[in-house]
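Peer 1: can you look at this prediction? I've put the sequence above it.
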Amino acid sequence: MLNSHAHRFGSVLFAGFLVVGCSSNAGDDSTDAGTDGLGTDAATDGSDDATSDAPIDTSMPLVDSGDGFGAARTACINEINSLRSTEGHAAYALWTGAAIDMCVDEQASSDEKANSPHQAWLNGTYPTCNGNGQNECEGFGVSPADIVKCLDAMWAEKNQPDCAGCPACQAKFTANCPNCDFYGKTGPECGHYVNMSADYFVKAACGFSSLGGWAVQNFSQ
């Protein structure tokens, strides 16, 4: 269930792969367990972990996206790869192109309109860009600085005690990695960080809602 006043993280296992996590730009420190049987949501205030004032990485040339989100898309993939580089992970390629960009934008727009994270991904509403996993930012906005803030908050999950074991399982996905609570079953979850740091994904697509609030990142082998 979505609590629009919480900084939210949620994860799901699907078809043998880790799949989705969502984060909302928040307000309180409440915790809410999901009721759909797919996973759990844990809410925390991550404002101290975000680094939205940091300069936007421009190591990758500006993406020329016909949807108008080229700058945000560039910031998205650059920040993911900048964070990955701090642990020695190879960079993800940007999964892009007219059809892919439209697809991930439609997923983000559909989810924001329905106020339901990952709905389009899970239902296969726009399947072209599904890949193997998804993170979603709720309410952060769609500017380059907004997406960096969300990604930094997701990456900061690694600093939680129950995520200390995640690096040991980055080579191959397992939902039962010791001391890596992917789903947040007993506390804050680790799924976003796992998706962002995985060595079994090779590319990421970044999509942005036309309504201006939500964004998705889809990961694929």
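Peer 2: Cool, got the structure.

Peer 1: low-confidence stretches in this structure?
Peer 2: 1-60 (pLDDT under 70).

Peer 1: now the strands for this structure?
Peer 2: Assigned by DSSP state E, the strands in the chain fall at 8-10, 12-14, 17-24, 41-43, 93-94, 133-138, 203-208, 215-220.

Peer 1: and the shortest one, what does it pack onto?
Peer 2: I take that to be strand 93-94. Strand 93-94 makes packing contacts with strand 203-208 when contacts are defined by 3 or more CB pairs under 8 Å, 6 or more residues apart in numbering; DSSP states H and E. Every residue, glycine included, has its C-beta placed from N, CA and C.

Peer 1: quickly list what the residue nearest the centre of the chain is bridged to.
Peer 2: The chain has Asn135 as the residue nearest its centroid, 2.5 Å off, counting by CA atoms, centre = their mean. The partner list for Asn135 in beta bridges (DSSP bridges) reads Gly21, Gln217.

Peer 1: looking at it, it is touching Trp214, isn't it?
Peer 2: No - counting by CB atoms under 8 Å, Asn135 stays clear of Trp214, with 11.4 Å between them.

Peer 1: and stretch 129-145, how far out from the chain middle?
Peer 2: Relative to its chain's centre, stretch 129-145 lies at 5 Å (CA atoms, centre = their mean, to the nearest Å).

Peer 1: now swap in stretch 85-104 and tell me
Peer 2: With CA atoms, centre = their mean as the basis, the mean position of stretch 85-104 lies at 12 Å from the chain mean.

Peer 1: over to stretch 205-218?
Peer 2: With CA atoms, centre = their mean as the basis, stretch 205-218 stands 10 Å off its chain's centre.

Peer 1: next one: stretch 191-209
Peer 2: Centre-to-centre, stretch 191-209 and its host chain are 6 Å apart (CA atoms, centre = their mean).

Peer 1: can you check stretch 210-221 too?
Peer 2: Taking CA atoms, centre = their mean, one finds the center of stretch 210-221 at 8 Å from the center of the full chain.

Peer 1: buried residues, that stretch. List them.
Peer 2: Buried residues in stretch 210-221, counting neighbours by 16 or more other CB atoms under 10 Å, are found at Ser210, Gly213, Trp214, Ala215, Val216, Gln217, Asn218, Phe219, Ser220.

Peer 1: sketch out the helices for this structure, chain order is fine.
Peer 2: Along the chain, the stretches classed as helices by DSSP state H are 70-85, 98-114, 119-123, 144-155, 191-197.
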